[in-house]
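Participant: Take a look and give me a structure for this.
(chains A and B)
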Amino acid sequence: GNSVTQMEGPVTLSEEAFLTINCTYTATGYPSLFWYVQYPGEGLQLLLKATKADDKGSNKGFEATYRKETTSFHLEKGSVQVSDSAVYFCALSERNSGNTPLVFGKGTRLSVIA
Amino acid sequence: EPEVTQTPSHQVTQMGQEVILRCVPISNHLYFYWYRQILGQKVEFLVSFYNNEISEKSEIFDDQFSVERPDGSNFTLKIRSTKLEDSAMYFCASSETGGGRAFFGQGTRLTVV
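Facilitator: Okay, here's the model as predicted:
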C-alpha cells in the first residue's frame, strides 16, 4: 500500500538557518505529493504541492521537488523565521482517481528560535 | 480564504458514551473527509463522503463509526460506545474536486476517560 515516511522531529533551528525536512514515499501509481503545515491551534493548511515528476512546488520561501528516481519530496527553506515554527506533514494522493484520500507522514515539529 | 470549521475544539467523554463531532465544510465543496491523529502517530484517513454517501473508508472506520450530512451544511462523525483508544485529534476536510486541494478544519481533540 501507499505510505509516507518523514524524518523524526523535533527540529530546532536558529532564525535564518537552512531547513531540510526529508520525506520519502511508497506508491503503486503516480501520486501527487503535498506538504501541509499546522501552526499552533490551527488546522492543516496546504503549503505546496507537485503533481508529476520533476515538478517543484513552492510557497512562502519553501520548496520541494518531486523526485521519482529517489521517491522523495524533501522540503527546504533557505532562511527560516520564528513564524515558521509549526508541524509539517508530507502527504500523497493517488492521481487519476476521483476521490482519493491523502496518506500522511507522522509530521515533523519545527521550532525556530530567535 | 474560506474555512472549514469544527466544533467542539475539545471534547471529553466517558468510555462507552457516544460522541458527535461536527464540521461545516466550505459551502461549494462536494467531497468531505474525516481523518484522525492519535498523539504521536500519523494522520490517518477514516472516511470520504460524496453525493450523500460514503465513497471510501479505511479499516479503522468500523461499525462503531458513522457519518452524516443531515442538513446540507453540517457533516458529522458519530462514534458510538467510545473506547480509550479513540482518544485522538479528529480532522474534517473538504474539497471542491476529489483528489484536489483539501481544506482542513482546526480539529477536535477527543479525550475518552
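Participant: make it CA atoms for all contacts and neighbour counts henceforth
Facilitator: Fine.
Participant: What residues does chain A have near chain B?
Facilitator: Residues of chain A lying close to chain B (C-alpha under 8 Å from any C-alpha of the partner chain) are A:41-46, A:93-95, A:97-107.
Participant: which among those end up buried?
Facilitator: A:43-46, A:93-95, A:99-107 (16 or more other C-alpha atoms under 10 Å in any protein chain shown).
Participant: Any idea which residue of chain B lies closest to chain A?
Facilitator: B:Gln106 (3.3 Å; C-alpha to the nearest C-alpha).
Participant: Setting aside sequence neighbours, what's the nearest residue to that residue?
Facilitator: A:Gly43 (3.3 Å; C-alpha to C-alpha, 6 or more residues apart in numbering or on different chains).
Participant: can you give me the strands in the chain?
Facilitator: Picked chain A for this. A:3-6, A:11-14, A:19-21, A:23-26, A:31-38, A:44-50, A:56-59, A:62-65, A:75-77, A:86-94, A:103-104, A:108-113 (DSSP state E).
Participant: Oops, wrong one, chain B.
Facilitator: Under DSSP E, chain B gives strands at B:5-7, B:10-13, B:19-24, B:31-37, B:43-50, B:53-57, B:65-68, B:75-79, B:88-95, B:103-104, B:108-112.
Participant: Columns distance to A:Pro31, mean neighbour count and mean pLDDT on top of those, output as CSV?
Facilitator: Formatted as CSV, those follow (distance: least, C-alpha to C-alpha, whole Å; neighbours: other C-alpha atoms under 10 Å in any protein chain shown; pLDDT from 0 to 100):
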stretch, distance to A:Pro31, mean neighbour count, mean pLDDT
strand B:5-7, 28, 21, 95
strand B:10-13, 34, 14, 97
strand B:19-24, 28, 21, 97
strand B:31-37, 19, 25, 94
strand B:43-50, 16, 22, 93
strand B:53-57, 18, 15, 92
strand B:65-68, 27, 18, 96
strand B:75-79, 27, 20, 97
strand B:88-95, 17, 26, 94
strand B:103-104, 19, 26, 91
strand B:108-112, 28, 21, 97
